[in-house]
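Colleague: Predicted coordinates and the sequence they were generated for:
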Amino acid sequence: MCFGVSGIMEILILYSMILLLGGNSASAHIGIQPLSKIAIHKATVALTNSASIKASPFVLGLEGQDVEWVTVDLDNYEPSNDDWIGVFSPAKFNESNCHDPSNPKEQEPFICTAPIKYQYANFSSSNYTKTGKTSIRFQLINQRADFSFALFAGGLSNPKLIAISNHITFANPKAPVYPRLAQGKSWNEMTVTWTSGYDIDEAVPFVKWGMMGHERKLSPAGTLTFQRNSMCGSPARTVGWRHPGYIHTSFLKDLWPNTRYSYKMGHMLSNGSYVWSRKYSFKSSPYPGQDSLQRVIIFGDMGKGERDGSNEYNNYQPGALYTTDQLIKDLDNIDIVFHIGDITYANGYISQWDQFTSQVEPIASTVPYMVASGNHERDWPDSGSFYGGTDSGGECGVPNQNIFFVPADNREKFWYSTDYGMFHFCIADTEHDWREGTEQYRFIEKCLASVDRQKQPWLIFAAHRVLGYSSDKYYGLAGSFEEPMGRESLQKLWQKYRVDIAFFGHVHNYERTCPIYQNHCVNSERSHYSGVMNGTIHVVAGGAGAHLSEFSPVNTSWSLYKDYDWGFVKLTAFNHSSLLFEYKKSRDGKVYDSFTIKRDYRDILDCVHDSCAPSTLAT
């Protein structure tokens, strides 16, 4: 492909813009966080008797529910198309304080906390602007505080508060909610992480658990939280701040392999009474190397959806609920999930982390939900990020590091390894430097080198940004078809240690390459691979929910399958010599791309280019 001088200059300018955005090739495709469109710091008070707003029921979760529907009735004598309703929690939103002490010139606004969600008043009824009357349904989750609903005129850019509703609350707002399972540091350990409103001076957290049908035992839990001053910038430190509650993690140890366990989270209050969660169950991990059916789900960039249509008609991460619901539907056929970065797209609006953990609770409470770090979790200038972008909205990794457990030695350095039966996973953190000579590079090599391929033949590498190959439009314009400096250091490790598949997110589509090494396909097959393992297959699986990314018009020779739609990948290991790969669309759960690998242990040992150390003729 040939470019003139002007075309080259255009590419260089665009490439510079991509780097300024933190190298996020998907930035042009994802929407703006809807809550950031609200100029809440400009809100003025214009309360009037000509408008009223009422919410019901007053008390939610009377039967222990963590999710409830609320009806909001609106009556406004001067309706307008840009009237909107904000859901605030805590309910007394005008009493909060979000002044940033690091910016002494900043003036404290009347309302300095963003709503947790919003809807336009005419969302449910096109007659609102004629009648001034409407009823709107909101779905609320238990978030440790009461709620109120505020009616604003003036649109999102010049909000005028004209009416405030009554307060409503969950029956037990501090209850333990939204368990997240994760693999521990050993194969026979499961961690349970959950959120509550109880600090350690109020209640003692623990998990009651045991084999199904057997006596239960108690395991204590540690408690973490984080504060506004842990955030690195706005909006996380200002209008996006909301206390995350208390995050508890318990370590369930010495599990028997392949065994069904039941569990529930509890808190013992100072008066000796107990507060319990619902009852859940999980199946423990197989012994490393065990020969049995093992099923893995991998995707990135899912985000959060709104089942009630809030936040501009649910167009922020439009495929998120498709993916979530397909996984829930097929949960009996899933053993472990890897969400490789860009988890919630909260972007500094901390309330959205609760919303996300509620969304994935049916999945994360049943199978290990392993996460990676993405640009929308970590990136912030002068915070230690490899990229200088502002994609985290000032979070600089703190919520992700606390709300989800990963078996890392240091969760600030979000790289780790984990085993699941015949699989060995090496999860990298692309928001920290991975290049040769760095601490993370040493970890990656150690992780890849440590696997016993006779016991665990399926070696998987995963990271958020594309360190391998992608036909993304903006990577193509940059001429790299990868993250800048992506594969230069790592491709020799993938080859040396015979990585089967390398997975990436960040680019919001699906793409699969041939087995490849140094830009060249090393196998001409497309759907059935057997014999000597001579190159790594690279997969972009970043289409789990966010706005989709366009492909480059350049037809890359190594790309075997592309799909501009929402989807996820499923790996099924039948035994030590047979693996099935499937790409499924989130809309219907059907398989649209697949391949199989069949080989023996000898096929991994066989030397190919740059894969074996020199041998000696000495005897």
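Modeller: Structure received. Just so it is clear, the model here is predicted, and its values are computed rather than measured.

Colleague: C-alpha from now on. contacts and neighbour counts both.
Modeller: OK.

Colleague: how about S250, what does it touch?
Modeller: Neighbouring residues of S250 by Cα atoms under 8 Å, 6 or more residues apart in numbering: T191, V192, T193, F206, V207, S219, P220, A221, G222.

Colleague: can you confirm it is in a helix?
Modeller: No: counting by DSSP: H, G, I helix; E, B strand; the rest coil, S250 is not part of a helix but strand.

Colleague: Name the nearest of the contacts of S250 relative to G132.
Modeller: T193 (45.3 Å; Cα to Cα).

Colleague: what residues are up against the closest one?
Modeller: Contacts here follow Cα under 8 Å, 6+ apart; on that basis T193 touches P179, R180, L181, I247, H248, T249, S250, I403, F404, F405.

Colleague: Secondary structure element holding the first one?
Modeller: Here P179 sits within strand 177-183, counting by DSSP states H and E.

Colleague: can you give me how far that strand is from the chain middle?
Modeller: 14 Å (Cα atoms, centre = their mean, to the nearest Å).

Colleague: again, but for stretch 344-361
Modeller: Centroid displacement of stretch 344-361 relative to its chain, using Cα atoms, centre = their mean, is 9 Å.

Colleague: who touches that stretch?
Modeller: 33, 35, 114, 116, 141, 143, 178-180, 234-237, 239-244, 302-305, 324, 376-377, 391-395, 399.

Colleague: what do you get for stretch 320-329?
Modeller: Outside stretch 320-329, the residues that touch it by Cα under 8 Å, 6+ apart are 302-307, 359-360, 362-363, 544-546, 566-568, 586-589.

Colleague: low pLDDT regions in the stretch 201-350 of the chain?
Modeller: For the stretch 201-350 of the chain, applying pLDDT under 70 flags the ranges 313-314.

Colleague: Helices of the stretch 401-550 of the chain, residue ranges please.
Modeller: For the stretch 401-550 of the chain, the helices defined by DSSP state H, counting those that start in this stretch occupy 439-449, 473-478, 491-496.

Colleague: Single out the most deeply packed of those.
Modeller: Neighbour counts (mean count of other Cα atoms under 10 Å) averaged over each of the helices of the stretch 401-550 of the chain peak at helix 473-478, with a mean of 22.

Colleague: helices and strands around that one, which ones?
Modeller: Counting contacts by 3 or more Cα pairs under 8 Å, 6 or more residues apart in numbering; DSSP states H and E, helix 473-478 packs against helix 5-20.

Colleague: one more time with 6 Å
Modeller: Contact partners of helix 473-478 among helices and strands, from 3 or more Cα pairs under 6 Å, 6 or more residues apart in numbering; DSSP states H and E: none.

Colleague: how close does R587 sit to S230?
Modeller: From R587 across to S230, the span is 38 Å (Cα to Cα, to the nearest Å).

Colleague: what's the answer for Y420, then?
Modeller: With Cα to Cα as the criterion, Y420 and S230 are 34 Å apart.

Colleague: Those two: who's more crowded?
Modeller: Comparing Y420 with S230 by other Cα atoms under 10 Å, the one with more neighbours is Y420, at 23 against 16.

Colleague: buried subset of the contacts of T193?
Modeller: Neighbour-count burial (16 or more other Cα atoms under 10 Å) is assigned, among these, to P179, R180, L181, I247, H248, T249, S250, I403, F404, F405.

Colleague: Among these, which one lies nearest to T596?
Modeller: Taking Cα to Cα as the measure, L181 is the one of the buried ones among the contacts of T193 closest to T596, at 29.4 Å.

Colleague: residue contacts, the closest one?
Modeller: Counting by Cα atoms under 6 Å, 6 or more residues apart in numbering, L181 makes contact with T191, V192, A364, S365, P368, Y369.

Colleague: Would you convert those residues into a markdown table that also reports secondary structure?
Modeller: Listed next are those as a markdown table, based on three-state DSSP:
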| residue | secondary structure |
| --- | --- |
| T191 | strand |
| V192 | strand |
| A364 | helix |
| S365 | coil |
| P368 | coil |
| Y369 | strand |
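
Colleague: Touching, F551 and K473? I think so.
Modeller: Yes: contact criterion Cα atoms under 6 Å: F551 and K473 qualify, at 4.6 Å.

Colleague: which residue packs closest to W194, ignoring adjacent ones?
Modeller: Spatial nearest neighbour of W194, chain neighbours left out: P179 (4.4 Å); criterion: Cα to Cα, 6 or more residues apart in numbering.

Colleague: Could I get the phi/psi values of E412?
Modeller: Dihedral pair for E412: phi -70, psi -30, per degrees, to the nearest 10.

Colleague: how far away is it from M231?
Modeller: For E412, the distance to M231 equals 14 Å [Cα to Cα].

Colleague: How much space separates G210 from H267?
Modeller: Look at G210 and H267: by Cα to Cα, they are 17 Å apart.

Colleague: Of the two, which one has the most company?
Modeller: H267 (24 against 20).

Colleague: Just say helix, strand or coil for that one.
Modeller: strand.

Colleague: Excluding chain neighbours, give the residue nearest to it in space.
Modeller: Among residues not flanking H267 along the chain, P205 sits closest, at 4.5 Å (Cα to Cα, 6+ apart).

Colleague: And for H424?
Modeller: Of all residues not flanking H424 in the chain, L459 sits nearest, at 5.1 Å (Cα to Cα, 6+ apart).

Colleague: Run a quick neighbour tally on the one you found.
Modeller: Residues near L459, counting by other Cα under 10 Å: 22.

Colleague: One more: S270?
Modeller: S270 is flanked by 11 other residues according to other Cα under 10 Å.
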